[in-house]
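Trainee: Starting from these lines, generate the structure:
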Amino acid sequence: MTNPPNLIHFPGAFGTALAARLDLPAQVPRAFALFAHCFTCSKDSLAAARISAALVEHGFGVLRFDFTGLGGSAGDFANTNFSSNVADLVAATAWLRAQHQAPRILIGHSLGGAAVLAAASEIAEAAAVATIGAPFDPAHVQHLLGDAALQIRADGEAEVTLAGRPFRIQKQFLDDLAAQDSAARIGRLRKALLVFHSPRDTYVDIENAARIYAAAKHPKSFVSLDTADHLLTQKSDAAYVAAVLAAWASRYVGPAAATATGTVTPGVVTVRESGEGRYTQDITAGPHHLRADEPESVGGNDSGFTPYDLLLAGLGACTSMTLRMYAEQKKWPLQRVTVTLRHEKIHAKDCADCETREGKIDQIDREIDIAGDLSDAQRARLMDIADKCPVHRTLRSEIAIRTRTAEPR
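Mentor: Next comes the predicted model:
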């Protein structure tokens, strides 16, 4: 089985293969971002996946990867430490620089935030750094180890359960944390800094954000995440972070590119699995991008339109556009059209004007709100025109769907 197109591997700090995901917008990326996940998390954590998807919507390309020994990456986690994580970020930059272009934005979640602050000085092309719930001092992570930290120092290593999973941690990991000089490193950053933190973060106290902000020189900004939790488990929190981050980063990376990648063929829509969930799909049409998914109740991530949502959207958009075109031709004072649609399966016998009398049929209810200083006759005519929209006609006519196997690439 071949990997989804955005799954890649590159050599990490130890020379082992690191598993990564490169998410790209349909258009030429306005810039690339490198995302570092939280301690013992992975590139596919909810925060990483949701922030990446939202940044792609804003035109950014995003590379996120599993640190050595985590997720799909090779290597032994026990041999890693904070410094090796920083080295992995530099290795990821080297791959991105060679294959596309170096990241202009560095983003780190939790300990990943401390890691991008440390790696920033080694990534000359990076213009901006954003941290999310990051500790000021990487050694802060020791509190997660509890009493096991004493055992690690006494015995040289110990197995620790973190987030319900066992990890073997060595004394060199603790020694490396203790050797970090965060204040000096942040003071020398010389890059724009954006600090996200929630006052209700129970893993990394917001005082850490204050210390990061105080140590940094301008330009620097702080955004409170209000009621968000440390892992950004609410989609709205991740979307908010991405939206603010994209707007802020635009000052340092320039406007969105207007040119689409490759040759744009009118009427061609491409749908491919995103690799982020059981059903999540990336949809592109020329320079435009959409995401489709199924609700969580049926095993999806609820990260986009359902297939039937898209069907209704096509009919609704076509209806509104057709009414607008007709009103402009007639020079009628149409102000606004709002189309609300619903789809359901009903028993054929319940449909009075349907030819089919057995089994179930599809029923679409379409409600059209026409705003404007229009006469009753004009409104009635617009309602007649609604049935003449091209998508409506397509749905009511015979459709030939031809399916073939794509040629191997």
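Trainee: And the closest residue to residue 379 other than its chain neighbours, how far from residue 334?
Mentor: The shortest distance from residue 379 to any non-neighbouring residue, by CB to CB, 6 or more residues apart in numbering, is to residue 370 (5.7 Å). For the C-beta atoms, the positions are set from N, CA and C on the backbone; glycine is no exception. Taking CB to CB, to the nearest Å as the measure, residue 370 falls 7 Å from residue 334.
Trainee: Could you do residue 187 as well?
Mentor: 60 Å.
Trainee: if you count what's nearby, which of those two comes out ahead?
Mentor: Applying other CB atoms under 10 Å to residue 187 and residue 334 shows that residue 334 carries more neighbours, namely 20 against 13.
Trainee: And for that one, nearest residue in space, chain neighbours not counted?
Mentor: residue 327 (3.7 Å).
Trainee: Work out for me the element that neighbour sits within.
Mentor: Remark: residue 327 resides in helix 307-330, with elements defined by DSSP states H and E.
Trainee: Who are the packing partners of that helix?
Mentor: strand 288-292, strand 334-347, strand 360-372, helix 376-386, helix 390-396 (3 or more CB pairs under 8 Å, 6 or more residues apart in numbering; DSSP states H and E).
Trainee: just how off-centre is the longest one within its chain?
Mentor: Read it as strand 334-347. 29 Å (CA atoms, centre = their mean, to the nearest Å).
Trainee: got the angle for that strand vs strand 360-372?
Mentor: 170 degrees (axes from the mean of the first three to the mean of the last three CA atoms, to 10 degrees).
Trainee: Dump the C-alpha coordinates for the helix or strand bottoming out on mean pLDDT in the chain into PDB.
Mentor: The helix or strand of the chain with the poorest confidence is strand 157-162; it has a mean of 76 (mean pLDDT, DSSP states H and E). Included here for strand 157-162 are C-alpha records, laid out as PDB according to Å, rounded to 0.1, in the frame of the first residue of the first chain:
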ATOM      1  CA  GLU A 157      17.300   5.300  33.900                       C
ATOM      2  CA  ALA A 158      13.700   4.300  34.600                       C
ATOM      3  CA  GLU A 159      10.500   3.500  32.900                       C
ATOM      4  CA  VAL A 160       7.900   6.300  33.300                       C
ATOM      5  CA  THR A 161       4.300   6.300  32.300                       C
ATOM      6  CA  LEU A 162       3.300   9.500  30.500                       C
END
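Trainee: Give the pairing partners of that strand; include direction for each.
Mentor: strand 165-170 (antiparallel) (DSSP bridges).
Trainee: now the partner strand: mean pLDDT?
Mentor: Strand 165-170 comes out with an average pLDDT of 80.
Trainee: what residues does that strand touch?
Mentor: Strand 165-170 has contacts (CB atoms under 8 Å, 6 or more residues apart in numbering) with 40, 77-79, 145, 148, 152, 156-161.
Trainee: Just the buried subset of the residues you listed, written out for ChimeraX, thanks.
Mentor: What follows is the ChimeraX syntax selecting those of the contacts of strand 165-170 that are buried according to 16 or more other CB atoms under 10 Å:
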select :40,77,145,148,152,158,160
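Trainee: Am I right that residue 158 is in contact with residue 150?
Mentor: No - the pair residue 158 / residue 150 is not scored as a contact, 9.1 Å apart, by CB atoms under 8 Å.
Trainee: Tell me which of the helices and strands packed on helix 307-330 sits most buried.
Mentor: Burial of these is given as mean neighbour count (mean count of other CB atoms under 10 Å); strand 288-292 ranks first at a mean of 16.
Trainee: Low-confidence ranges, the stretch 301-409 of the chain, go.
Mentor: 409 (pLDDT under 70).
Trainee: The stretch 1-150 of the chain too?
Mentor: Looking along the stretch 1-150 of the chain with the criterion set at pLDDT under 70, you get 1-5.
Trainee: List phi and psi for the most centrally placed residue in the chain.
Mentor: Nearest residue to the geometric centre of the chain (CA atoms, centre = their mean): residue 53, 1.7 Å. Main-chain dihedrals, residue 53, degrees, to the nearest 10: phi -60, psi -40.
Trainee: Please consider this matter closed, and thank you.
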